[in-house]
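1. Provided below are the primary sequence and the corresponding predicted coordinates.
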Number of protein chains: 4
Amino acid sequence: MDELRLCGRQARPRTAVPVGPLSFGESFVVIAGPCSVESEAQLMAAARAVKEAGAHALRGGAFKPRTSPYSFQGLGLAALKILDKARRETGLPIVTEVLDPRDVPWVSEFADMIQIGARNSQNFSLLREAGRGPRPVLLKRGMFSTLNEWLSSAEYILSAGNPNVVLCERGIRTFEAYTRNTLDLSAVPAVRELSHLPVIVDPSHGTGRASLIESMSLAATAAGADGLMIETHPHPEQALSDGDQSLSPAGFGVLMRKIRVLRGCWEGLA
Amino acid sequence: MDELRLCGRQARPRTAVPVGPLSFGESFVVIAGPCSVESEAQLMAAARAVKEAGAHALRGGAFKPRTSPYSFQGLGLAALKILDKARRETGLPIVTEVLDPRDVPWVSEFADMIQIGARNSQNFSLLREAGRGPRPVLLKRGMFSTLNEWLSSAEYILSAGNPNVVLCERGIRTFEAYTRNTLDLSAVPAVRELSHLPVIVDPSHGTGRASLIESMSLAATAAGADGLMIETHPHPEQALSDGDQSLSPAGFGVLMRKIRVLRGCWEGLA
Amino acid sequence: MDELRLCGRQARPRTAVPVGPLSFGESFVVIAGPCSVESEAQLMAAARAVKEAGAHALRGGAFKPRTSPYSFQGLGLAALKILDKARRETGLPIVTEVLDPRDVPWVSEFADMIQIGARNSQNFSLLREAGRGPRPVLLKRGMFSTLNEWLSSAEYILSAGNPNVVLCERGIRTFEAYTRNTLDLSAVPAVRELSHLPVIVDPSHGTGRASLIESMSLAATAAGADGLMIETHPHPEQALSDGDQSLSPAGFGVLMRKIRVLRGCWEGLA
Amino acid sequence: MDELRLCGRQARPRTAVPVGPLSFGESFVVIAGPCSVESEAQLMAAARAVKEAGAHALRGGAFKPRTSPYSFQGLGLAALKILDKARRETGLPIVTEVLDPRDVPWVSEFADMIQIGARNSQNFSLLREAGRGPRPVLLKRGMFSTLNEWLSSAEYILSAGNPNVVLCERGIRTFEAYTRNTLDLSAVPAVRELSHLPVIVDPSHGTGRASLIESMSLAATAAGADGLMIETHPHPEQALSDGDQSLSPAGFGVLMRKIRVLRGCWEGLA
């Protein structure tokens, strides 16, 4: 294990990370919303739906890391303005991904939480810039990252001055092709052993299949995750990206009801 | 996908697999006990402890698949006699692994359920022999098996005449070295989509770390697994094999209490 | 590393393994022939073609390990009789796979070398039976085997009394799907560091693509492999198994000419 | 496969990429030098040694992507000035890695070729910036990249206006731990089938073990690679990074002599 001076568990047992009115690590947080912001109508519909179902924060991509340069790359600033409008209407804090270190300062004006995605989990320039920024960071595990590498990436952010990091397990790449990635839920209790940072789970990228998201969300909750990140879209079949792994508003509503029941049970267990 | 004529979901929605007084797929089944039968004293102590904590079946290895020929290979027939004694005393059905097709007939005299381990998941001679045998089969997923390969291995058993197969997810091999394997809990709902066979989870091999077993057992339960297989040892620190991933009787007792609470909750969700 | 008393390099620097008139480890050996023996006409055509092109031994499967029970499983005894006929006509020693420990004694009557395939690389009953048998063993690396596990499997054979083991790298399973497996050529020099056993390479299974076999055969030769195993079929497009990764007689002839040139060069390097 | 409009083989059969006096794709190019520039004395000694042994270009890291923020991060501008001095003395073109899109323009003043490393293989901002820059780009395969993803990353560079990309296979991450990565030499002929870009091989990162580099360099050459990238250090045991996988000047000299012999042979084969 590389040295984890600041994010290691020896530093403290648990941390709470405040994001707007929320506190990751203290209460269970569900972030929901579409993969990409595609239009104002789409994002506002998604925002209202997830708010109504009980989500605590809104996600939506303005800059999309796409394998091919010819795929939809996101709406950029226009998306951020739409997210801002959704926040004003729903009160939900905004989580959005940054791909370029130059974008951290100005995107921080719009976002309540900056996401660093799996492909950038060892983009050390971006990690350092996020560490110098004013916003809490949602740090996804790389699809190829060991636990030690993931936590060392968090250490880059903390050591640059920003103590507010939430980890997000989103599946690792394996030989299994039925699922888009293999969701490694053992990372939740393992991170607890190694670090004081909160850890949430993204079963949407972790499975790549809408039909598996509810089960994996319940499993993540029972494993002790501090929250979930769920892709939802008003019309998954029309999504410009990740439609196969997006829940409809109705599916998300069912999931939220089950999560609430399970959390009630889980708190009794602990 | 290879053809799954008999174990595919198109054949029927769900199956119940009877093992002694138990019915996998109808009620939640916990199999517990040591990796290896090491002595009568050890096995009887383990059997009493898991019985008292509420386990439904007893596991114990008589033939051990060990990487090195110089490692403890199991007590063979002597172990089976000890398992038989434990069954008579506790009433718990016995689950034990077979490594060689020639052993299926006579081991079936002692065991209530035959286990085929991860290393033999594509040992087609053994699968066929188990398919001709009288006992239900616990078929572990190979550490390198895709879902399709795992289910095709079940198809070998069913097509040889034995309809009683229970699948067991036990982790796949990945790059992550913190855990012994990566437990793929998405296999639980994925198998549900593809097959009517019951599926249980082995978090002991799936993680290789006693400290992670409770969380992963709760997660498997919430994911909808039909049961669990847990390594327990009266004195894990003295075990001849797999001590690092074995629960003590006390730890297993705590786990069983939590599982019961969670199952109560889970049945309310469905 | 597990203990490698007999196959470890500390026991001796290099071993020669005699197979009929051949000596693996002393001269470069090319084993060629079809995946499966499909008919006398097919096998005899293949045998004559590979003999003419300069192959040293003939492969042909009588028992096929197939993912699905509904796929072609091999002709069994009939295939062995055809292989025997081909040996008598061409003089090429025969290499054929055994799947079941019960088959080792009688298949040894027909084969000059027994192959243990990737799926059985940790079938310890089969390894032990091959270790008690009279024939040299071609031990393929499991698609999930570490070097230590592979060599420990060889140790099972040696410790059961049979010193004649040749290792065969045939690719490991990874996330890359362009190739059927990922051929790990670093295993060739790595095995040299760890063991005295000869090591050959199977680029047919290692890549799964006929178009890549020539390049990977040359690479294996340059890496210092003791030989190659190449699937060839008189009519690859009609093969009952593995047609996509089989060379035609013409393609195999070109390959053999290049291998001879490269071997001449390589011997000058060493 | 994602669309490869510009780097796909349908666009043209082969490309030559000029770097100073060199032409990747037309002649075999060996890039050598230390992982990191540690001091002027170290780099100059390395540069002279590799020049004398016959290397064609000099590598040396000024910015190091390190898992931990507390590891040596490179000398930055000071390293670039030292590299510039080495170029003036030896005439070798300079290859150096860039981690941050903001550094592409000014590092291009010092470097003859910009390297994008495995961890940044899907850092799309960096890829685009390199695509807008004046220097040819050495694009390493990500440790988790499929061939399609790797080539799509090249497509980002080409589609931003820079046609001069050389691909570098450097090993992928697998379960095998004996080697640091698993060098996938089948990527060499596979890339040939899919793209017109030159492809070289880095056996230093690909194996992580100095003892395996010579064999894998010969294998890569025989597989048809357009060149090699080899870590060499005047005193590997004192290196600040990657000492275990660095050749000494003597070892590199032996390797270069063997490569020259093999290339002579290989050109006769084609």
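-> Thanks, I have it.

2. what ranges of the stretch 51-200 of chain A fall below the confidence cut-off?
-> Of all residues in the stretch 51-200 of chain A, none has pLDDT under 70.

3. How many neighbouring residues does residue A:249 have?
-> 19 (other CB atoms under 10 Å in any protein chain shown). The way it works is simple: take the backbone N, C-alpha and C, and place the C-beta from them, glycine included.

4. Let me know how buried the residue nearest to it when sequence neighbours are not counted is, in neighbour terms.
-> Leaving aside its chain neighbours, residue A:249 sits nearest to residue A:49 (3.7 Å; criterion: CB to CB, 6 or more residues apart in numbering or on different chains). Applying other CB under 10 Å, we find 21 residues neighbouring residue A:49.

5. show me the contacts for residue A:49.
-> A:232, A:234, A:249, A:252, A:253 (CB atoms under 8 Å, 6 or more residues apart in numbering or on different chains).

6. Find me the pLDDT at it, would you?
-> Per-residue pLDDT puts residue A:49 at 97.

7. Closest one of the contacts of residue A:49 to chain B?
-> residue A:253 (14.2 Å; CB to the nearest CB).

8. sorry, back to before: what's the helix or strand for the residue nearest to residue A:249?
-> Element membership for residue A:49, per DSSP states H and E: helix A:40-53.

9. same check, this time on residue A:138
-> Assigned by DSSP H and E, residue A:138 falls in strand A:137-140.

10. Mind listing what's buried along that strand?
-> The neighbour-count check on strand A:137-140 (16 or more other CB atoms under 10 Å in any protein chain shown) flags A:137, A:138, A:139, A:140 as buried.

11. what's the spacing between it and its chain's center?
-> Mean-position distance between strand A:137-140 and its chain equals 7 Å (CA atoms, centre = their mean, to the nearest Å).

12. Equivalent analysis for stretch A:120-137, please.
-> 15 Å.

13. now stretch A:117-127
-> On CA atoms, centre = their mean, the centre of stretch A:117-127 falls 14 Å from that of its chain.

14. at contact distance from chain D, anything in that stretch?
-> Yes. Judged by CB under 8 Å from any CB of the partner chain, stretch A:117-127 comes into contact with chain D at A:119, A:120, A:122, A:123, A:124, A:125, A:126.

15. Ranking by neighbours, what's the top pick from the residues you listed?
-> Neighbour max across the residues of stretch A:117-127 next to chain D (other CB under 10 Å) = residue A:126, 32 neighbours.

16. just to revisit the earlier point, partners of the helix or strand following the helix holding residue A:49, with directions?
-> Per DSSP H and E, the first helix or strand lying C-terminal to helix A:40-53 is strand A:57-59. Strand pairing for strand A:57-59, using DSSP bridges, gives strand A:29-33 (parallel), strand A:94-97 (parallel).

17. And these: which comes nearest residue C:208?
-> For these, distance to residue C:208 was read as CB to CB. The smallest value, 36.3 Å, belongs to strand A:94-97.

18. hang on, the earlier thing: can you flag the buried ones in the contacts of residue A:49?
-> For the contacts of residue A:49, buried by 16+ other CB under 10 Å: A:232, A:234, A:249, A:252, A:253.

19. Quick one: name the residues of the stretch 1-150 of chain A near chain B.
-> Residues of the stretch 1-150 of chain A lying near chain B by CB under 8 Å from any CB: A:144, A:146, A:147, A:148.

20. The closest residue in space to the third one that isn't next to it in sequence and chain D: what is the separation?
-> If the residues on either side of it in the chain are set aside, residue A:147 comes closest to residue B:178, at 4.9 Å by CB to CB, 6+ apart. Using CB to the nearest CB, to the nearest Å, we find residue B:178 at a distance of 13 Å from chain D.

21. now do residue A:156
-> Residue A:156 is 5 Å from chain D, by CB to the nearest CB.

22. In contact with that residue: list those residues for me.
-> Residue A:156 is in contact with A:124, A:127, A:128, A:131, D:69, counting by CB under 8 Å, 6+ apart.

23. could you say what helices and strands the helix or strand encompassing residue A:252 packs with?
-> Of the helices and strands defined by DSSP H and E, residue A:252 is found in helix A:249-269. Applying 3 or more CB pairs under 8 Å, 6 or more residues apart in numbering or on different chains; DSSP states H and E, one finds that helix A:249-269 makes contact with strand A:29-33, helix A:40-53, helix A:210-222, strand A:227-231, helix B:210-222, helix B:249-269.

24. Tell me what angle the fourth one forms with helix A:210-222.
-> Yep, that's strand A:227-231 we're talking about. 170 degrees (axes from the mean of the first three to the mean of the last three CA atoms, to 10 degrees).

25. List the buried residues for strand A:227-231?
-> A:227, A:228, A:229, A:230, A:231.

26. The residue nearest to the last one when sequence neighbours are not counted is in what secondary structure piece?
-> Using CB to CB, 6+ apart and skipping the chain neighbours, the partner closest in space to residue A:231 is residue A:204 (3.9 Å). Under DSSP H and E, the secondary-structure element containing residue A:204 is helix A:203-207.

27. In terms of secondary structure, what does that helix contact?
-> Other helices and strands packing on helix A:203-207, by 3+ CB pairs under 8 Å, 6+ apart, are helix A:210-222, strand A:227-231.

28. of all these, which lies closest to residue D:269?
-> Across those, closest to residue D:269 is helix A:210-222 (CB to CB), at 49.8 Å.

29. So the closest one, near chain B or not?
-> Yes. Residues of helix A:210-222 are located near chain B by CB under 8 Å from any CB, namely A:211, A:212, A:214, A:215, A:216, A:218, A:219, A:220, A:221, A:222.

30. quick revisit: so which of the residues of the stretch 1-150 of chain A next to chain B belong to strands?
-> Assignment to strands by DSSP state E places none of the residues of the stretch 1-150 of chain A next to chain B there.

31. any chance of the residues you listed in TSV, plus neighbour count and distance to residue C:29?
-> Below are the residues of the stretch 1-150 of chain A next to chain B laid out as TSV (neighbours: other CB atoms under 10 Å in any protein chain shown; distance: CB to CB, whole Å):
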residue	neighbour count	distance to residue C:29
A:144	24	38
A:146	19	40
A:147	23	44
A:148	17	43
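
32. Nearest to chain B among these?
-> For these, the nearest to chain B is residue A:147 (4.9 Å; CB to the nearest CB).

33. name the element residue A:128 belongs to?
-> Residue A:128 belongs to helix A:124-132, assigned by DSSP H and E.

34. Residues in contact with that helix: which ones?
-> Contacts for helix A:124-132 (CB under 8 Å, 6+ apart): A:98-101, A:104, A:114, A:116, A:120, A:137, A:139, A:153, A:156-162, D:65-66, D:69, D:99-102, D:119, D:123.

35. Can you lay out the strands paired with strand A:57-59 as a markdown table showing mean neighbour count?
-> Conversion of those to a markdown table gives the following (neighbours: other CB atoms under 10 Å in any protein chain shown):
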| stretch | mean neighbour count |
| --- | --- |
| strand A:29-33 | 27 |
| strand A:94-97 | 26 |
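
36. quick revisit: selection in PyMOL covering whichever of the residues of helix A:210-222 next to chain B are buried, please.
-> Buried subset of the residues of helix A:210-222 next to chain B, written as a PyMOL selection, criterion 16+ other CB under 10 Å:
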select buried, chain A and resi 212+214+215+216+218+219+220+221+222
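
37. Tell me which two of the residues of helix A:210-222 next to chain B sit farthest apart.
-> So, those by CB to CB: farthest apart are A:211 and A:222, at 19.1 Å.

38. How about the contacts made by the residue nearest in space to the middle of chain A?
-> By CA atoms, centre = their mean, chain A has its centre lying nearest to residue A:229, at 4.9 Å. Neighbouring residues of residue A:229 by CB under 8 Å, 6+ apart: A:30, A:31, A:32, A:59, A:95, A:138, A:168, A:170, A:200, A:201, A:202, A:204.

39. Please list all residues in contact with the first one.
-> With contacts taken as CB under 8 Å, 6+ apart, residue A:30 has the following neighbours: A:54, A:55, A:56, A:57, A:227, A:228, A:229, A:230, A:256, A:259.
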